[in-house]
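K.L.:
Give the three-dimensional model of this entry:
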Amino acid sequence: MLIFSMGVSVDGYIADRDGGFGWSAPSDEQFAFHIEEIRGLGGCLLGRRLYETMVVWETDPSLRDSDATTEFAELWSALPKVVFSRTLDRVEGNARLAEGSLADEAAHMLAATDKDIEVGGATLASAAIDLGLVGELRMFRHPVVVGGGTPFLPPVARAIDLELLETRTFGTGVVFERYRVAQDA
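P.N.:
Below you'll find the model as predicted:
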């Protein structure tokens, strides 16, 4: 299934008014959880900004400064990624620029694996939610209020019912929430 997973402030933003998200840096405990999440993925559909944030895990060897960061970098580097961008003419690492529509690229990537596919980046995830492609929402709710910025969820034309599947509270107070998107009857 297609999942959308991001760090989010208590007031619902993935980045603050200045585009900053330093407040969402994971603790060691949360980083280990992310490693396990990455193991369950068969690929990622990324917007340009998230791709540019994450490509360093494939291109900067200095980030491999511990067993955990090395493991994350290796897992992330192995994941196939499709990048949606109107401004990039090339991408690095195990990524390619999208050639088809979001729906077509998602279907192609899902057909190529028996694992979940993650969609990341606010604009791209909003489009996937609008198209009804997202099956799960996963958020890491950080104990901070940023007062504005990039929202986790887009405005929606109709209510989207969710079923809470899992919660977990990390030692830092970050709360992981996992929801299934309820299917229409």
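
K.L.:
Go ahead and confirm residue 26 touches residue 35.
P.N.:
No. Taking Cβ atoms under 8 Å as the contact criterion, residue 26 and residue 35 are not neighbours in contact, 10.1 Å apart. Where C-beta positions appear, they are placed from N, C-alpha and C, glycine not excepted.

K.L.:
correct me, but residue 146 touches residue 19?
P.N.:
No. With contact defined as Cβ under 8 Å, residue 146 does not reach residue 19; the gap is 11.0 Å.

K.L.:
Please say which of the two ends up with more neighbours.
P.N.:
residue 146 (22 against 9; other Cβ atoms under 10 Å).

K.L.:
can you confirm that one is in a helix?
P.N.:
No. Assignment of residue 146 by DSSP: H, G, I helix; E, B strand; the rest coil gives coil, placing it outside any helix.

K.L.:
And it, how close does it get to residue 40?
P.N.:
According to Cβ to Cβ, to the nearest Å, residue 146 stands 29 Å off from residue 40.

K.L.:
repeat for residue 65
P.N.:
25 Å.

K.L.:
give me the low-pLDDT residue ranges for this protein?
P.N.:
Applying pLDDT under 70 to the chain flags residues 184-185.

K.L.:
Would you map the helices across it?
P.N.:
For the chain, the helices defined by DSSP state H occupy 28-39, 48-54, 56-59, 67-78, 102-111, 122-130.

K.L.:
Tell me which of those is the most buried.
P.N.:
By mean neighbour count, with neighbours taken as mean count of other Cβ atoms under 10 Å, helix 122-130 ranks first of the helices of the chain at a mean of 20.
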